[in-house]
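Engineer: Just to be clear, the model below is a prediction. Sequence and coordinates:
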Amino acid sequence: QVQLVESGGGLVQAGGSLKLSCAASGRTFSSMGWFRQAPGKEREFVAAISWSGSWAGYADSVKGRFTISRDNAKNSVYLQMNSLKPEDTAVYYCAGTVRYRLGATRTVQYDYWGQGTQVTVSS
């Protein structure tokens, strides 16, 4: 059974930091990514990383503030979020794809999803 389990969400003040973790089990993934969904909005791409870590992509809204990384030995992916803003408030989802080795920035490119973790940034 394939599972992706996120952790690390919470409530933080604007300007603060959080680090999200996602532990995968059941299989490994060519690429892994983070998406987020705010109330009343569609799920949107945040960041993704290739198997080797040689490629990483970010949404324009988080470039320079968020950093994605992965530890293949632990089958895990992480999202370090700095300089958080109220508009970063959302449920954050971890995702894995077996079809794309890099460049996967759309939801349809991912095969497996976690349940999500809430991130709330207060002003």
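Structural biologist: Nice, I can see it.

Engineer: What are the boundaries of the strands in the chain?
Structural biologist: Secondary structure of the chain (DSSP state E): strands at 3-7, 10-13, 18-25, 31-37, 44-50, 56-58, 66-71, 76-81, 90-97, 112-113, 117-122.

Engineer: Output those strands in TSV; the columns should cover mean pLDDT, mean neighbour count and distance to residue 105.
Structural biologist: In short, each C-beta sits where N, CA and C put it, glycine included. Output for the strands of the chain, formatted as TSV (pLDDT from 0 to 100; neighbours: other CB atoms under 10 Å; distance: least, CB to CB, whole Å):
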stretch	mean pLDDT	mean neighbour count	distance to residue 105
strand 3-7	97	17	18
strand 10-13	98	13	26
strand 18-25	98	19	17
strand 31-37	97	25	7
strand 44-50	97	22	5
strand 56-58	97	18	6
strand 66-71	97	18	12
strand 76-81	98	22	15
strand 90-97	98	23	11
strand 112-113	98	16	15
strand 117-122	98	17	20
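
Engineer: Make a markdown table from these and add distance to residue 103 to it.
Structural biologist: Output for these, formatted as a markdown table (distance: least, CB to CB, whole Å):
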| stretch | distance to residue 103 |
| --- | --- |
| strand 3-7 | 20 |
| strand 10-13 | 30 |
| strand 18-25 | 19 |
| strand 31-37 | 8 |
| strand 44-50 | 8 |
| strand 56-58 | 7 |
| strand 66-71 | 14 |
| strand 76-81 | 16 |
| strand 90-97 | 10 |
| strand 112-113 | 18 |
| strand 117-122 | 25 |
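
Engineer: Out of those, which is closest to residue 106?
Structural biologist: Nearest to residue 106 among the strands of the chain is strand 44-50 (6.8 Å), distances taken as CB to CB.

Engineer: Which strands or helices does the closest one pack on?
Structural biologist: With contacts taken as 3 or more CB pairs under 8 Å, 6 or more residues apart in numbering; DSSP states H and E, strand 44-50 sits against strand 31-37, strand 56-58, strand 66-71, strand 76-81.
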